[in-house]
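J.: below are the sequence and a predicted model; questions follow.
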Amino acid sequence: MRPTLSRRSALALTGGSALAAVGGLPTRAHARTEDWSALADEIRAEFKWAWDHYVDRAWGKDEINPVSGTSQSFFIEGHDLGLSLVEALDTLWLMELDEEFEAGVDWVKTSLDFDVDAFAQTFETNIRLVGGLLSAHLASGDPVLLAKAKDLADRLMKAFEASPHGLPYRYVNLKTGAVRDPETNLAEIGTYAAEFGVLGQLTGDGRHYAASKRAMKHALDRRSDLGLMAANIHAETGEFTSRNASIDVYADSFYEYLWDSWELFGDREMKGWAEECVGAISRHQGRRYDLRLWYPMVDYETGEVTGTSQTVLGGYLSGLLAQVGRAEEADLFLTSYAELQNTFTVIPESIDVRTRQPRGVRTGLRPEFADACLHLWLTTDDDRYRALVATHYRNMKATSKAAYGYTSLADITTRPMTQGDNCPGYWWSEQMKYYWLMFAQPKRVDLDRLVLSTEANVLRGFVRG
């Protein structure tokens, strides 16, 4: 059975509705000064402005370069699969940009073909294209979108079937089914269950979900006595190829999809694994550095710290902690990132947790902080999380708005910050959607039923009609 309580109700029953009293979060008085509706209108207008530039300068291309007004491929050099277009579809639908949504769907129906004799990254292709097509189908009901999602998922299945352990190879040829790169990681073997399970619900074909769960179980069965997994694994030998347990690079969405499989499909085994894994992470990876909570890499068998970096990707864990009922810990970890936002304006791509200083100067329009704030807001109704995201949005607008859209940054330490020249495809699916959902009163989604993929594709919660 699927869970029947809303997120807000479920968290209240676990005693997690009250925020931890930690520094670094906005006050409720500050949050009350915001005009959320006006902010939502602004975000919709900015998304429409950026979309118009994509249409004019990069229509059907994978990604736009917003400074130069050029474009670039993502999956296959010289062959575009409309990545940004597909990623944008359900965001356009939620924002009621119907003319733009229909034009995008028309392009998919007439121009998107996956019978390409070239290798594509299995993981990225699933979360971005299969997920984007599924969410657009759930929004509109268009059967062609579902058929294309299934066609692509069937091609990706070759990456699972080629492994003796059911662990997908990193790359698969979309036309021939040939595979390559067996040295893979938790994220790239374990981020399929949400999309593949929804596909199974819609088509009645359970093969895809079964394959995705088998791959996850293979890694889970190799947990150490501490309950931790190493981040890297080999698709042919089935063995871990490193000793580092990580919450972010090489591992992040594996943990998200355990919980999502419970929310989407009522899979109690996946729920149990999620709670066990998050509990092990909490007990054996959590460390305090200068009073701030971080989760650096540790040896998966001993729990000893093996590296003191933490990436911006790790922000998702705050949201997952809240979802599994660890609200105080979620707040403490979020505060560590909120402090980085206050200090650097844009959260660095990676920091050294001992010094809280950047390990590099580039960053790529990262959405994970807003993602975590959305989940915390959904589970508490506390507007302080909205205030944090309002700052995240305004800082992005101040630093990343370019002539033809929003761009990554080449150096966050300069003033003004030095812009790069690329808008990653996930920008269209992730942070602008997070902002919109938190600030608008969306008519086309039920926030109590909402389930988003790791790429922020809406996989449950649409309201149609």
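T.: Cool, the structure landed.

J.: low-confidence ranges, the stretch 1-150 of the chain, go.
T.: 1-25, 29-30 (pLDDT under 70).

J.: for it, which segments count as strands?
T.: Ranges of strands in the stretch 1-150 of the chain, per DSSP state E, counting those that start in this stretch, are 63-65, 70-72, 119-121.

J.: packing partners for the last one?
T.: With contacts defined as 3 or more CB pairs under 8 Å, 6 or more residues apart in numbering; DSSP states H and E, the packing partners of strand 119-121 are strand 171-173. All C-beta atoms are positioned from the backbone trio N, CA, C, and that covers glycine.

J.: output the longest helix belonging to this structure.
T.: helix 36-58 (DSSP state H).

J.: for that one, buried residues please.
T.: 36, 39-40, 42-44, 46-47, 50-51, 53-55, 57-58 (16 or more other CB atoms under 10 Å).

J.: quick one: which of these is nearest Met396?
T.: Glu46 (9.6 Å; CB to CB).

J.: could you find the closest non-adjacent residue to that closest one?
T.: Lys397 (7.0 Å; CB to CB, 6 or more residues apart in numbering).

J.: likewise Asn232?
T.: Ser242 (4.0 Å).

J.: coming back round to it: the residue nearest to Glu46: neighbouring residues, count only.
T.: 13 (other CB atoms under 10 Å).

J.: so which helix or strand takes in it?
T.: Applying DSSP states H and E as the criterion places Lys397 in helix 384-400.

J.: that helix packs against which elements?
T.: Looks like helix 384-400 contacts helix 28-32, helix 36-58, helix 327-344, helix 368-380, helix 431-439 (3+ CB pairs under 8 Å, 6+ apart).

J.: Asp421: which of those is closest?
T.: Of all those, helix 36-58 comes closest under CB to CB, at 12.4 Å.

J.: chain center to that closest one, what's the gap?
T.: 21 Å (CA atoms, centre = their mean, to the nearest Å).

J.: cool, and stretch 181-201?
T.: With CA atoms, centre = their mean, you get 13 Å for stretch 181-201.

J.: that stretch: which residues count as buried?
T.: 182, 184-201.

J.: can you tell me the closest non-neighbouring residue to Met95?
T.: Arg44 (5.0 Å).

J.: correct me if wrong: the one you found contacts Trp436.
T.: Yes. Counting by CB atoms under 8 Å, Trp436 is a contact partner of Arg44 at 6.7 Å.

J.: ok so, going back, now the residue nearest to Met95: how far from Asn232?
T.: 41 Å (CB to CB, to the nearest Å).

J.: for Cys423, same thing?
T.: Taken as CB to CB, the span from Cys423 to Asn232 is 30 Å.

J.: repeat that for Val198.
T.: 28 Å.

J.: show me where the stretch 1-150 of the chain has helices.
T.: Assigned by DSSP state H, counting those that start in this stretch, the helices in the stretch 1-150 of the chain fall at 7-13, 28-32, 36-58, 83-94, 98-111, 122-125, 131-140, 143-161.

J.: nearest to Phe462, out of these?
T.: helix 131-140 (5.3 Å).

J.: residue contacts, Ile64?
T.: Ile64 is in contact with His53, Tyr54, Arg57, Ala58, Thr70, Ser71, Ser84, Tyr404, Gly405, Cys423, counting by CB atoms under 8 Å, 6 or more residues apart in numbering.

J.: swap in 6 Å and give it another go.
T.: Tyr54, Ala58, Ser71, Gly405, Cys423 (CB atoms under 6 Å, 6 or more residues apart in numbering).

J.: can you give me the distance of Trp427 to Pro367?
T.: 7 Å.

J.: repeat that for Leu85.
T.: Leu85 is 18 Å from Pro367, by CB to CB.

J.: so which pair among the contacts of Ile64 is furthest apart in space?
T.: Ser71 and Gly405 (10.9 Å).

J.: neighbour count winner among the two?
T.: Gly405 (27 against 19).

J.: the closest residue to the more buried one other than its chain neighbours: how many residues sit nearby?
T.: In space, and not counting its chain neighbours, Gly405 is closest to Pro66: 3.5 Å by CB to CB, 6+ apart. Using other CB under 10 Å, Pro66 has 27 neighbouring residues.

J.: over to Arg287?
T.: Neighbours of Arg287 (other CB under 10 Å): 16.

J.: for it, phi and psi?
T.: When quoted as degrees, to the nearest 10, the phi and psi of Arg287 stand at phi -140, psi 150.

J.: and it, bridged to which residues?
T.: Trp294 (DSSP bridges).

J.: how far away is it from Ala398?
T.: 33 Å.

J.: would you reformat the helices of the stretch 1-150 of the chain as TSV and include distance to Thr311?
T.: As requested, the helices of the stretch 1-150 of the chain are exported to TSV (distance: least, CB to CB, whole Å):
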stretch	distance to Thr311
helix 7-13	26
helix 28-32	28
helix 36-58	25
helix 83-94	21
helix 98-111	31
helix 122-125	17
helix 131-140	22
helix 143-161	26
